[in-house]
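Novice: Whatever this is, show me its structure:
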Amino acid sequence: MTDRQDDANTPPAMPLAMAAVGQTVRFVAVTGGGAGLTHRLAEMGLTPGEAVEVVSRSQGPFIVQVRGTRLVLGRGMVQRMLVRPC
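Specialist: Model (predicted):
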């Protein structure tokens, strides 16, 4: 029964593209990107459970901070990355 209560209190996952500048989110999973995208993100330090802070978002790429390092991610990537607010 506690699992259901935990699920009810957990915010729903959303694409990273929806996160606001300054917001810290927790990376959950990749959707629709396949093993190649998952592997590429893991090489950059983006693994499930990792905290990600949105530094900048514009019409072009996103800039995020992960483990003290800033990364530039394309729009296609951030649309496929599911995150939850911390």
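Novice: Please make it C-alpha for all contacts and neighbour counts, starting now.
Specialist: Will do.
Novice: How about residues contacting the helix or strand containing Arg40?
Specialist: Here Arg40, judged by DSSP states H and E, is contained in helix 34-43. Here helix 34-43 makes contact (Cα atoms under 8 Å, 6 or more residues apart in numbering) with 30, 47, 77.
Novice: Let's have those in JSON lines, adding pLDDT, secondary structure and distance to Phe62.
Specialist: Below are the contacts of helix 34-43 laid out as JSON lines (pLDDT from 0 to 100; DSSP: H, G, I helix; E, B strand; the rest coil; distance: Cα to Cα, whole Å):
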{"residue": "Val30", "pLDDT": "95", "secondary structure": "strand", "distance to Phe62": "16"}
{"residue": "Thr47", "pLDDT": "95", "secondary structure": "coil", "distance to Phe62": "17"}
{"residue": "Met77", "pLDDT": "93", "secondary structure": "helix", "distance to Phe62": "9"}
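Novice: Now render those as JSON lines, adding distance to Ser58.
Specialist: Shown next, in JSON lines, are the contacts of helix 34-43 (distance: Cα to Cα, whole Å):
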{"residue": "Val30", "distance to Ser58": "21"}
{"residue": "Thr47", "distance to Ser58": "24"}
{"residue": "Met77", "distance to Ser58": "14"}
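Novice: Would you list the buried entries among the residues you listed?
Specialist: Buried subset of those (neighbour count, 16 or more other Cα atoms under 10 Å): 30, 47, 77.
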